[in-house]
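[1] predicted model follows, preceded by the sequence.
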Amino acid sequence: MEAAPVCVDVEVRQAEASHKANHKPAPKLAKVSLQRTVSGKKEVLPEHIAAIKAQLTAEELQQCDDAMLSRYIRATDGDLKHSVKRIHDTLAWWNKEHPQNMVCTACQRSPKSHYMHVVGHDVHERPVIYSCLELATNRNIEDNRTHMIATFQQAIKLMPEGVESWCWVLDFHGFGLADCDPRLARIFLNLSAAHYPERLGHFFIVSAPTLFNTLWKAIAPMVDPVTREKIHFVNFDKKDKKKAENAKTRELMLRYFDEELTDWLFKEMAENRDKVRAKHKAYNYHGDRVGLDLWNLSLLAHEGPDHDVVRRKTEERVEASCCSSHDLLGSPRLLRRLSGRPEQLLPGLQALRVTL
């Protein structure tokens with residue numbers, strides 16, 4: 001076989017040298033020191049963000065905004081190399097699972113599978129999630145993960161510009177042995193750490209029973225100190241004859257929620273402790289019963305509150321409530337906010353108005 005001309009080999013080496021000269025590798029990343037602002041938030045500087053961007057492709061940059069990059073830098077306490085790895089992991093996860101399009105198929109099959117949804121906004125405009133264990137019957141790990149992701153994505157949809165986190169009120173009423181599986185807690189911890197860093201604003205744990213102490217001991221080592229500071233243990237008692245515990249809970253909630261949302265949460269928690277009423281509450285994708293009617297929520301977002309069906313369904317829900325003045329779809333302010341604005345719902349919820 002005839003040897004390749006020497007001149008060709010020289011040209012190849014010259015081309016490679018030229019490519020290396022014009023495409024210098026991104027500088028190595030170092031750990032940077034993040035200073036805290038007056039509010040206590042870690043401050044990410046423009047040069048920190050620029051250093052991360054230098055490690056990402058043009059396609060990856062299209063999927064990231066500066067706020068996202070800042071969250072990962074804060075979550076890793078300025079470890080830029082680790083931030084890039086976690087961003088890559090999340091982008092791969094997004095492209096594989098498409099969380100923005102997730103719908104809880106378990107709730108579609110069985111409306112009483114889960115009870116976790118966005119119910120309003122706090123005084124800092126952060127979406128507020130409420131969930132109640134008494135009303136959730138599904139303990140399947142993957143189903144719970146899917147529902148949690150869909151709820152987180154809906155919370156993000158409802159964030160005004162400049163808002164990055166949510167609050168979560170987890171009502172432990174109904175907590176039992178089936179809930180002691182630490183894998184259920186790890187779903188939240190793993191998701192939050194891996195793909196939703198710096199998203200949790202505050203976490204209210206309501207009426208955790210003594211049995212919960214066993215689970216807490218198992219998961220507490222996995223909870224980082226920053227997250228632990230955001231957790232508030234409070235109590236709610238429907239009877240509360242002395243009114244002391246409920247008063248403490250209301251006082252704490254009013255630091256973060258306005259009076260309207262706090263009243264909504266108290267009515268919701270009282271109603272969920274009424275066995276007769278609670279058994280009729282469920283996620284309902286089909287608009288055929290008085291429940292957490294997601295079809296009607298979609299209709300409200302598309303058509304507004306004056307649509308005949310919306311008005312009739314709202315009256316039915318409110319009339320069926322314990323106090324005849326509570327709409328389990330969410331606080332009045334949230335429903336006003338959604339009215340006539342379907343773009344604030346996830347695609348799957350938007351489509352309910354069209355498909356049903």
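    Sure thing, it's come through. Just so it is clear, the structure is predicted and the values come from calculations on it, not from any experiment.
[2] okay, CA-based contacts and neighbour counts for the rest of this
    Fine.
[3] in the chain, which residue is closest to the centre?
    Phe152 (2.3 Å; CA atoms, centre = their mean).
[4] what residues of the helix or strand it falls within count as buried?
    Take DSSP states H and E as the rule and Phe152 turns out to sit in helix 141-157. By 16 or more other CA atoms under 10 Å, the buried positions in helix 141-157 come out as 143-156.
[5] distance check, the residue nearest to the centre of the chain against Thr314.
    25 Å (CA to CA, to the nearest Å).
[6] one more: Asn101?
    Asn101 is 27 Å from Thr314, by CA to CA.
[7] what do you get for Ser110?
    22 Å.
[8] these two: which has the busier surroundings?
    Thr314 (22 against 15; other CA atoms under 10 Å).
[9] which residue sits closest to the more buried one, ignoring its sequence neighbours?
    Asp327 (7.2 Å; CA to CA, 6 or more residues apart in numbering).
[10] now swap in Val163 and tell me
    Using CA to CA, 6+ apart, the closest residue to Val163 is Arg126 (6.4 Å).
[11] the one you found: neighbour count?
    26.
[12] residues contacting it?
    Applying CA atoms under 8 Å, 6 or more residues apart in numbering to Arg126 gives the contacts 159, 163-167, 201.
[13] then Cys104?
    143, 146-147, 150.
[14] surely the residue nearest to Thr314 touches Lys313?
    No. The pair Asp327 / Lys313 is not scored as a contact, 10.2 Å apart, by CA atoms under 8 Å.
[15] the more surrounded of these two?
    It is Asp327, of Asp327 and Lys313, that has more neighbours when counted by other CA under 10 Å, with 22 against 19.
[16] before we move on, what SS does the more buried one have?
    coil (DSSP: H, G, I helix; E, B strand; the rest coil).
[17] so who does it touch?
    Contacts of Asp327 by CA under 8 Å, 6+ apart are 314, 317-318, 321.
[18] do Val223 as well
    Contacts of Val223 by CA under 8 Å, 6+ apart are Leu189.
[19] which residues in the stretch 251-356 of the chain form strands?
    283-284, 292-293 (DSSP state E, counting those that start in this stretch).
[20] low-confidence stretches in the protein?
    Scanning the chain for pLDDT under 70 picks out the ranges 1-27, 240-242, 286-292, 354-356.
[21] roughly how far apart are the residue nearest to the centre of the chain and Glu259?
    24 Å.
[22] next, the contact list for Met253, please.
    Counting by CA under 8 Å, 6+ apart, Met253 has contacts Thr262.
[23] tell me how far it lies from Leu335.
    With CA to CA as the criterion, Met253 and Leu335 are 20 Å apart.
[24] try Arg255
    Taking CA to CA, one finds Arg255 at 22 Å from Leu335.
[25] which of the two has more neighbours?
    Leu335 (19 against 11).
[26] residue contacts, that one?
    Leu329.
[27] measure it to Arg312 for me?
    15 Å.
[28] before we move on, what about Gly201?
    36 Å.
[29] higher neighbour count, the two?
    Counted by other CA under 10 Å, Gly201 and Arg312 do not tie: Gly201 has more neighbours, with 17 against 12.
[30] that one in helix, strand or coil?
    Under three-state DSSP, Gly201 comes out as strand.
[31] distance of it from Gly340?
    Applying CA to CA to Gly201 and Gly340 gives a distance of 28 Å.
[32] dihedrals phi and psi, the residue nearest to Thr314?
    phi -110, psi 110 (degrees, to the nearest 10).
[33] for the stretch 51-200 of the chain, what spans make up the helices?
    Secondary structure of the stretch 51-200 of the chain (DSSP state H, counting those that start in this stretch): helices at 58-62, 66-75, 80-97, 105-109, 141-157, 182-195.
[34] make a markdown table out of these and add distance to Arg353.
    Below are the helices of the stretch 51-200 of the chain laid out as a markdown table (distance: least, CA to CA, whole Å):
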| stretch | distance to Arg353 |
| --- | --- |
| helix 58-62 | 31 |
| helix 66-75 | 32 |
| helix 80-97 | 24 |
| helix 105-109 | 15 |
| helix 141-157 | 17 |
| helix 182-195 | 30 |
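[35] just give me the neighbour total for Leu34.
    17.
[36] now tell me what touches whatever helix or strand Arg228 lives in from outside.
    Per DSSP H and E, Arg228 falls inside helix 225-229. For helix 225-229, contacts defined as CA under 8 Å, 6+ apart pick out Leu200.
[37] same check, this time on stretch 133-147
    102-106, 112-115, 171-175, 178-179, 183-184, 187-188, 272, 278-279, 281-282.
[38] cool, and stretch 308-317?
    So stretch 308-317 is contacted by 290-291, 296, 299-300, 304-305, 326-328 (CA under 8 Å, 6+ apart).
[39] make CSV from those and add distance to Arg74 to it.
    Below are those laid out as CSV (distance: CA to CA, whole Å):
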residue, distance to Arg74
Val290, 44
Gly291, 40
Asn296, 39
Leu299, 39
Leu300, 38
Gly304, 40
Pro305, 41
His326, 39
Asp327, 38
Leu328, 36
